[in-house]
Structure formats: C-alpha cells, structure tokens
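> Just a sequence and a predicted model for now, questions to come.
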Amino acid sequence: MSTVLLSSAAAARVAAIAAKQGKPGLKLRLAVDGGGCAGFQYKFGLESVAADDDLVVETDGIAMLVDPISLPFLDGAQVDYVETMGAAAFKVTNPNAASGCGCGSSFSV
C-alpha cells in the first residue's frame with residue numbers, strides 16, 4: 001500500500017486557510033505534473049470533495065488527496081509547511097526524487 005504523510009504543521013495551515021475562506025472541510029490536493037526545471041513538478045490545490053480513486057490521508061482532522069497517477073511518484077513522501085524569513089510554503093520531502101532544483105517544487109526520478 002502506498003503511503004504519503006501530511007505533517008501537523010501542513011494540516012494546521014490547511015485548517016487556517018479553510019477557516020479564513022469560511023470553507024470548513026477543505027482538503028489539500030497534491031499532484032505531480034510533467035514540467036518544471038527538473039522534469040516533474042509538485043502541484044498543490046484546495047478542494048472540497050475527493051475523487052473516488054484518490055488516496056485520502058488525514059492528519060489532525062485535515063485530509064490530503066493524491067490521485068492514482070501521481071501516487072507512484074509520491075510513495076513515502078511527506079508534506080510539511082515551512083516558514084522562513086523570506087517565504088512560507090508547503091514542502092515535499094520525497095524519497096523517490098533523484099534530484100531537485102533550487103525552486104524546491106521541481107524534481108526528477
């Protein structure tokens with residue numbers, strides 16, 4: 001069975017966004033698209049409803065959705081939310097990525 005983890009910090013950020021938008025139950029969508037400077041790129045979105053074939057991962061009552069096409073690229077990955085002085089963003093730590101690039105959202109396998 002494939003696993004993808006959502007950190008408590010990432011779940012808290014999704015909850016804060018949902019509360020600010022007045023949309024309880026928003027779910028974080030993580031997908032992998034072709035492109036980016038290293039061949040593949042992570043794509044994040046917010047959705048209200050999961051598709052029937054999505055992997056649904058829950059942390060602290062917040063769900064993250066991963067489609068079946070993206071799942072092989074993300075097996076074992078963890079999604080975190082990181083704040084630094086210059087930026088704040090969701091960050092993927094992916095054991096399947098052979099290399100990445102400076103933008104932090106692009107990788108190769």
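Received it, and whenever you're ready, just let me know what you need.
> Sticking with the residue nearest the centre of the chain, tell me its helix or strand.
The chain has L30 as the residue nearest its centroid, 3.8 Å off, counting by CA atoms, centre = their mean. If you go by DSSP states H and E, L30 is part of strand 27-34.
> so R13 sits in a strand?
No - counting by DSSP: H, G, I helix; E, B strand; the rest coil, R13 falls outside a strand, being helix.
> got a list of what it touches?
For R13, the contacting residues are Y81, F90, by CB atoms under 8 Å, 6 or more residues apart in numbering. The way it works is simple: take the backbone N, C-alpha and C, and place the C-beta from them, glycine included.
> pLDDT score assigned to it?
On pLDDT, R13 comes in at 96.
> re the thing from before, who does the closest residue to the residue nearest to the centre of the chain other than its chain neighbours bridge with?
Leaving out its chain neighbours, the residue that sits closest to L30 by CB to CB, 6 or more residues apart in numbering is V66, at 5.4 Å. Note on V66: beta-bridge partners by DSSP bridges are L30, L55.
> could you measure V66 against T93, distance?
To T93, V66 is 15 Å away according to CB to CB, to the nearest Å.
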